[in-house]
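# All I have is the shape, not the residue letters:
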Ligand SMILES: C[S@@+](CC[C@H](N)C(=O)[O-])C[C@H]1O[C@@H](n2cnc3c(N)ncnc32)[C@H](O)[C@@H]1O
C-alpha cells in the first residue's frame with residue numbers, strides 16, 4: 001500500500017517504514033522530529049505562515065492581540081506572524097533545531113517572540129491558566145491519536161478562563177501518519193466537551209496540497 005504523506009515520505013528517505021511504525025506505537029519523540037529537521041526531510045514546513053492565519057489577522061474579525069502559546073511551533077513562521085501583529089508570543093517545540101531556527105528568525109526580524117524547548121504535554125504544570133490564546137497548526141496531526149485526549153486537556157489547562165484555541169486543523173483521510181488524519185466529527189467530539197465554537201470554517205486559501213481539507217477554528221474554553 002502506498003502510504004502517501006509528506007511526513008512518512010520524508011521519513012522513508014532515511015528511515016525504514018517498520019521503524020516509523022514502531023515509533024508510532026510508542027509515540028514520536030524529540031529525536032524523531034529532530035532527525036527530520038537535521039535530514040532536511042521537514043516537508044511540512046511552508047517557509048511562511050499558513051495563509052488562513054494571514055487572512056484571519058487581516059480580517060475585520062481578527063482576534064485582539066494577547067498572550068499566545070504556539071504548540072509544536074517548528075521554525076516559528078506562524079508564531080512570528082502573530083508577533084508582528086502585536087501578540088506576546090511563546091513558541092514551544094522539543095526539536096532543538098526548530099527552536100534554534102525560530103529564535104534566530106525572531107532575532108533577525110527583531111520581533112518580541114521567544115521559543116522554548118519543551119514537551120508540550122508538560123506545559124500544564126508550568127503554565128496553568130496562563131494564555132489568552134493557543135495556536136495550533138500541524139501539531140495535532142503530528143502527535144499520535146492516543147495522545148489526543150491529553151492534547152485537548154493540555155490546551156484547556158494552559159488557557160485562562162475564556163481563552164481561545166486558534167487552530168488550523170488538517171482533516172485528511174490518508175492512512176498512516178504522521179500526519180495522522182482526523183474527521184470533523186472527531187474534532188467536535190473531542191473538543192466540544194471543554195470548548196464552545198466561536199467559528200469553525202473550511203479554509204478557503206490553504207496551500208494546494210491541503211486544499212479543502214483544512215478547517216480554521218476558534219474554540220473558546222468553557223469557564
Ligand atoms: C509537523 S511539524 C509542524 C511544525 C510547525 N507547526 C509548522 O507548521 O511548520 C510538528 C512539530 O511539532 C513538534 N512536536 C511534536 N510533538 C511534540 C511534543 N510532544 N512536544 C513539543 N513539540 C512537539 C515537532 O518537533 C515538530 O516541530
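It's in. Remember, predicted model here, so these are calculated numbers, not experimental data. Numbering: from 1, shown residues only.

# which element follows the longest helix along the chain toward the C-terminus?
Identified as the longest helix of the chain according to DSSP state H is helix 96-108. Counting by DSSP states H and E, the next helix or strand C-terminal to helix 96-108 is strand 113-117.

# Can you give the contact residues for that following strand?
Identification of contacts with strand 113-117 by CB atoms under 8 Å, 6 or more residues apart in numbering yields 73, 76, 79-80, 83, 89-94, 96, 98-99, 102-103, 106. For glycine as for every other residue, the C-beta is placed from the backbone atoms N, C-alpha and C.

# who does the longest helix of the chain touch, helix- and strand-wise?
Of the remaining helices and strands, those touching helix 96-108 by 3 or more CB pairs under 8 Å, 6 or more residues apart in numbering; DSSP states H and E are helix 30-39, helix 77-84, strand 88-93, strand 113-117.

# Identify each buried residue in that helix, please.
Buried residues in helix 96-108, defined by neighbour count with 16 or more other CB atoms under 10 Å: 97, 98, 99, 101, 102, 103, 105, 106.

# Run me through the strand neighbours of the longest strand along the chain, direction for each.
Counting by DSSP state E, the longest strand found in the chain is strand 159-170. Using DSSP bridges, the strands paired with strand 159-170 in its sheet are strand 131-137 (parallel), strand 214-221 (antiparallel).

# so of these, which one's packed in deepest?
Most buried of the strands paired with strand 159-170 by mean neighbour count (mean count of other CB atoms under 10 Å) is strand 131-137; its value is a mean of 23.
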